[in-house]
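Student: only the shape, not the letters, is given here:
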């Protein structure tokens, strides 16, 4: 029965096809996009995936990266954020993966002003 897994795989939308909604810009001028179907809420906590296309390529030991995708969890009342997982890509479209990291034990901290996490928290907590 190899047909069923294939049908399931074909029915799932690829990451690149998810609807992306612009939610702001970082202090460096990088647009921040929310994958709208990724948003889940539980009380005061919101989990979502956001994308950032870098205005200027960022040099890393593995080469230049041009975009990222981050799954984060925001606690709105204490205004704190935890990174759950992130990917960096060598292309602006976010299709050629450079690196991937899943955080083993995510911890909450304050978002740095002007960062992707601050932009995401501002949008996700205001959209309640």
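Tutor: The structure has been received and is ready for your questions. None of these values were measured; they are calculated from a predicted model.
Student: isn't residue 83 right up against residue 68?
Tutor: No: in this structure residue 83 lies outside contact range of residue 68 using Cβ atoms under 8 Å: 10.8 Å. For the C-beta atoms, the positions are set from N, CA and C on the backbone; glycine is no exception.
Student: okay, now residue 75: neighbour count?
Tutor: Neighbourhood size, residue 75 [other Cβ atoms under 10 Å]: 16.
Student: in its sheet, what does the longest strand seen in the chain sit against?
Tutor: Ordering each strand of the chain by length in residues (DSSP state E) puts strand 45-60 first. Strand 45-60 sits in its sheet next to strand 31-35 (antiparallel), strand 40-42 (antiparallel), strand 63-75 (antiparallel), going by DSSP bridges.
Student: give me the neighbour count for residue 110.
Tutor: Counted with other Cβ under 10 Å, residues neighbouring residue 110 total 12.
Student: contacts only, for it.
Tutor: Contact criterion Cβ atoms under 8 Å, 6 or more residues apart in numbering gives 79-81 as the residues in contact with residue 110.
Student: ok, the residue lying closest to residue 109 once chain neighbours are set aside to residue 33 distance?
Tutor: Nearest non-adjacent residue to residue 109, counting by Cβ to Cβ, 6 or more residues apart in numbering: residue 80, 6.1 Å away. As for residue 80, its distance to residue 33 is 22 Å (criterion: Cβ to Cβ, to the nearest Å).
Student: which one's more surrounded, those two?
Tutor: Each of residue 80 and residue 33 has its neighbours counted (other Cβ under 10 Å); residue 33 has more, 21 against 17.
Student: show me what the more buried one bridges to in the sheet.
Tutor: Residue 33 forms beta bridges with residue 22, residue 51, as assigned by DSSP bridges.
Student: go on, residue 89?
Tutor: Legend: beta-bridge partners of residue 89 under DSSP bridges are residue 67, residue 97.
Student: inside strands: which ones of the contacts of residue 110?
Tutor: The subset of the contacts of residue 110 located in strands under the criterion DSSP E comprises 80-81.
Student: now tabulate the contacts of residue 110 in a markdown table and tack on pLDDT.
Tutor: Formatted as a markdown table, the contacts of residue 110 follow (pLDDT from 0 to 100):
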| residue | pLDDT |
| --- | --- |
| 79 | 95 |
| 80 | 97 |
| 81 | 97 |
